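Engineer: Coordinates for the following, if possible.
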Amino acid sequence: MQHLAKIPFPEVERLARAGKALVILPVGVVEEHGAHLPLGLDSFAAEAYAVATAPHLEEKGYDVIVAPTINYGVAHQALNFAGTLTLQPETLNSVVVDIGRSLAKHGFARLIILNGHRDLDHMRTLEAARSVLVDEKTAQVLCTGFASDPAVTAACYREGVKQFYRSPRPDREGHGGESETSVALHCFPELVKQELIGQLEPNFDYDVEAFRNETKDYGSLSGGRGYFGSPQAASAETGKQLVATRGRNIAQFILNAWGVP
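Structural biologist: Next up is the predicted model:
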């Protein structure tokens, strides 16, 4: 696995000429995730999943290149919380399309958009950008991670993970809850306000349909707490298992779609 921003251009040329390259573009957002988690969690998680995905693809013959993360996205649901930043959908669309075109110009015709942020407009925008690149025959592109197609999200993030949850109400887990807190404790514990987690009472009493359909903002839904579920149920070990499982899932999704190089 290579990080595009960390290698010189001759190495990029070599990888492009070899014809086996696959570029993963992590996408996240700057958005609140409760008082205990960093605003950049979705970006950091997408990067962790990219790293976990790469070895499975390399075993099948791909040269995996991880492009610099897009750290900004559509985040209207949490905009009432300090620090949350949002782009308009058309801005995000333009950024993704421009990156895809640039990569294709240098010989990279396989692009994986690995999204760590669940927001309906955000996910629809990534899918729209994918369609532009595919329709103009710029590149092969797949949206993975959180995607506008629920079946893709399930295949990438939900398959095989329920066994690891410790929450008494896994059906009520969501944004900033057990899963995201666990991933943070495993991947970037230094950014977690761990001393606060024990004070965060479970938040199971919220309108799940409004949360899923985004008909109410996160502040209203969470009573200002900014998380859904039980951060107290989280552990670094659970995070380790989630990242490993999701890495395998994402790789398998890609291999099912494209096969080997």
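Engineer: can I assume Leu111 sits in a strand?
Structural biologist: Yes - applying DSSP: H, G, I helix; E, B strand; the rest coil, one finds Leu111 inside a strand.
Engineer: Just the pLDDT for it.
Structural biologist: Looking at Leu111, its pLDDT reads 98.
Engineer: burial count for it?
Structural biologist: Neighbour count of Leu111, defined by other C-beta atoms under 10 Å: 25. (Each C-beta comes from the backbone N, C-alpha and C, glycine too.)
Engineer: Please apply the same query to the one 4 residues further on.
Structural biologist: The tally of other residues near Asn115 (other C-beta under 10 Å) stands at 31.
Engineer: can I assume it is in contact with Leu142?
Structural biologist: No - judged on C-beta atoms under 8 Å, Asn115 makes no contact with Leu142 at a distance of 10.8 Å.
Engineer: now the closest residue to Glu173 other than its chain neighbours, which residues is it bridged with?
Structural biologist: What sits nearest to Glu173 in space, not counting adjacent residues and going by C-beta to C-beta, 6 or more residues apart in numbering, is Gly229, at 3.7 Å. Taking DSSP bridges as the rule, Gly229 bridges to Asn203.
Engineer: mind listing what Gly229 touches?
Structural biologist: Ser167, Arg169, Arg172, Glu173, Gly174, Gly176, Gly177, Glu178, Ser179, Pro202, Asn203, Phe204 (C-beta atoms under 8 Å, 6 or more residues apart in numbering).
Engineer: Kindly report the same for Cys143.
Structural biologist: Ile113, Asn115, Met123, Leu126, Glu127, Arg130, Asp149, Val152.
Engineer: again, but for Ala251
Structural biologist: Thr53, His56, Leu57 are the contacts of Ala251 under C-beta under 8 Å, 6+ apart.
Engineer: What about those residues, which one has the most neighbours?
Structural biologist: The most crowded member of the contacts of Ala251, judged by other C-beta under 10 Å, is Thr53 (30 neighbours).
Engineer: Let's verify that residue: helix, strand, or coil?
Structural biologist: Assigned state for Thr53: helix (three-state reduction, three-state DSSP).
Engineer: so it touches Ile24, yeah?
Structural biologist: Yes - Thr53 is within contact range of Ile24, at 6.8 Å (criterion: C-beta under 8 Å).
Engineer: Off-centre distance for stretch 137-145?
Structural biologist: 15 Å (C-alpha atoms, centre = their mean, to the nearest Å).
Engineer: Can you list the buried residues in that stretch?
Structural biologist: Within stretch 137-145, the residues that count as buried by 16 or more other C-beta atoms under 10 Å are Thr138, Ala139, Gln140, Val141, Leu142, Cys143, Thr144, Gly145.
Engineer: likewise stretch 148-166?
Structural biologist: For stretch 148-166, a neighbour-count test (16+ other C-beta under 10 Å) marks Ser148, Val152, Thr153, Ala155, Cys156, Tyr157, Val161, Phe164, Tyr165 as buried.
Engineer: Only C-alpha atoms, please: export that stretch in CSV.
Structural biologist: Extracted as CSV, the C-alpha positions of stretch 148-166 are listed here (Å, rounded to 0.1, in the frame of the first residue of the first chain):
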residue,chain,number,x,y,z
SER,A,148,-26.8,5.9,-0.8
ASP,A,149,-27.7,2.3,-1.6
PRO,A,150,-28.5,0.7,1.8
ALA,A,151,-27.4,-2.7,0.5
VAL,A,152,-23.9,-1.3,-0.1
THR,A,153,-23.7,0.1,3.4
ALA,A,154,-24.8,-3.2,4.8
ALA,A,155,-22.3,-5.2,2.8
CYS,A,156,-19.4,-2.9,3.8
TYR,A,157,-20.2,-1.9,7.4
ARG,A,158,-22.9,-4.1,8.9
GLU,A,159,-22.1,-7.6,7.7
GLY,A,160,-20.6,-9.8,10.5
VAL,A,161,-20.2,-7.1,13.2
LYS,A,162,-23.2,-7.6,15.5
GLN,A,163,-21.4,-10.3,17.4
PHE,A,164,-18.9,-7.7,18.7
TYR,A,165,-21.4,-5.3,20.2
ARG,A,166,-21.8,-5.1,23.9
